[in-house]
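Asks: Below: sequence and its predicted model.
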Amino acid sequence: MKPTAIALATAAMLTAVPAMAEDLVLSIGSRGYGPAVERNLARYAEVNPDVSIEWNKVSDVPGETRKLYVTGLSAKSPTPDVYALDVIWAGEFAQRGWLEPLGGLLADETIAAFNPSLLTASTVDGKVHALPLYTDGIHFFYRSDLLEKYGLDVPKTWEEVLEASKTITEGEKNPQFYGFVSMWAKIEGLFMNWLAFTNGNGGGFYDADGNVAVNSPANIAATQYMVDLLHEHRYAPDSILNMRPDDARTLFQQGRAAFLMVQGFVHAPLSADDSPVAGKFDFARIPYFEGNEDANTTTMGGWFLGINPNSENKEAAAEFLTHFTAYEQQLTAAVEDNRAPTIPAVYDDPKMSEAEVLAKFGKNYDLGVVRPSAGTGSNYPKVSEIMQLAVTNALHRQKTVEDALNDAQAEIEAVLAD
């Protein structure tokens, strides 16, 4: 066995020369998990001096990395042994046989320690195929100073959001001030928004039996709320229909909205010294509709680590995967690198007091929901596109909500039947 080495490789080809003996190749970008990658590799080397890990620094652009993976995995390349993948790829890759099921390689308690909602994203045919490495999600930001000004509690339900928006907008008497902003452009984020609203009404993409049910009564009602928030109540600006996350963040940061619903990355710019709302805002879980307080409303994203089924060292890869995603490594990545853990217990660790915002985000992830990529597999991009168009048609009032969701239901059923 050659001496221990952590090779910080610059090559990004998956068709590299197969690893030998206990040598392993890890493919992950250099930015996504930041300094944690090199730190975790060094820690692993300390306790496993007979294993050599080569870090294959793939692109941090998801599309480029995905193409690279598809090429190598289709050719049954034995490397990389362990690789990082986007949450919405996991289902497809598992269905195509490009991820090794982890049940026979990892202890059940190891897998069970992870966020159960995130695990569903890599669960196909009842088998978990990848472990979530870090996550992010949509959160509900609010102007704490304005709630205090008008004697309002933080809204827990969408009905309360409506009432609070009415009180604040009428009180501010500013035609350029709005109750609610979010990312309602025809993008993936719109589908994530829709899942948060519909799950918060007891609905969602699937029904209780696992069947596609996008046109359920609960979903129709939740989507109608979105339409009415904009067109009937006028508590959202018309520009919301073109807003991406940063567009919505900018308007909220300018002090022109009471509530903001986007991903957690906005917390840093909102808190900056030069931000007009610094010290004047906070965040909570995504609201739910009355009677659905136990609903999972935090739509989550993130990245996973999985094992190449063609690896020549699966047991060693499994041991490395377990170490890389373990509690201590996630805790350090949270405190030092601001990466959100995927093991819920980490958020309760006393050391998380050094990452107070992230710890609070973690409570929202306990009520998480993921996109339906595991069940739709390679058809997920088509399904997402259908849903984005359906919700857009409803929001633009080009179709009634019921017609838009009925059409989406029929199209998705046809796509999944092929």
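Replies: Happy to help now that I have it. Numbering: from 1, shown residues only.

Asks: Helices of the stretch 101-250 of the chain, residue ranges please.
Replies: Remark: helices assigned in the stretch 101-250 of the chain by DSSP state H, counting those that start in this stretch are 108-112, 116-119, 144-149, 158-172, 188-199, 217-231, 245-253.

Asks: Now do the end-to-end distance for stretch 246-260.
Replies: 11 Å (C-alpha to C-alpha, to the nearest Å).

Asks: Quick check: mean pLDDT of that stretch?
Replies: Here stretch 246-260 scores 98 as its mean pLDDT.

Asks: which of the residues in it are buried?
Replies: 247-249, 251-253, 255-260 (16 or more other C-beta atoms under 10 Å). Placement of C-beta: from N, CA and C, glycine included.

Asks: now stretch 208-222
Replies: Buried, per 16+ other C-beta under 10 Å, within stretch 208-222: 212-216, 218-222.

Asks: sorry, back to before: between the helices of the stretch 101-250 of the chain, which one is closest to residue 355.
Replies: Closest approach to residue 355 among the helices of the stretch 101-250 of the chain is made by helix 116-119 (18.9 Å; C-beta to C-beta).

Asks: and the residue nearest to residue 231 when sequence neighbours are not counted, what element?
Replies: Leaving out its chain neighbours, the residue that sits closest to residue 231 by C-beta to C-beta, 6 or more residues apart in numbering is residue 397, at 6.5 Å. Assigned by DSSP states H and E, residue 397 belongs to no helix or strand.

Asks: Report the distance from stretch 357-375 to the chain centre.
Replies: 7 Å (C-alpha atoms, centre = their mean, to the nearest Å).

Asks: so how far does that stretch reach from one end to the other?
Replies: 32 Å.

Asks: thinking again about what came up before, run a quick neighbour tally on the residue nearest to residue 231.
Replies: 12 (other C-beta atoms under 10 Å).

Asks: Grab the longest strand from the chain for me.
Replies: strand 130-143 (DSSP state E).

Asks: From the contact counts, what lies against that strand?
Replies: helix 90-95, helix 116-119, helix 188-199, strand 257-263, strand 281-284, strand 298-307, helix 356-365 (3 or more C-beta pairs under 8 Å, 6 or more residues apart in numbering; DSSP states H and E).

Asks: Generate CSV for those, with distance to residue 381 as supplementary columns.
Replies: What follows is the helices and strands packed on strand 130-143, written out as CSV (distance: least, C-beta to C-beta, whole Å):
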stretch, distance to residue 381
helix 90-95, 9
helix 116-119, 20
helix 188-199, 10
strand 257-263, 20
strand 281-284, 30
strand 298-307, 15
helix 356-365, 25
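
Asks: and of those, who's closest to residue 232?
Replies: helix 188-199 (15.8 Å).

Asks: Rounded mean pLDDT for that closest one, please.
Replies: Rounded mean pLDDT across helix 188-199 is 98.

Asks: report the angle between the axes of that helix and strand 130-143?
Replies: 80 degrees (axes from the mean of the first three to the mean of the last three C-alpha atoms, to 10 degrees).
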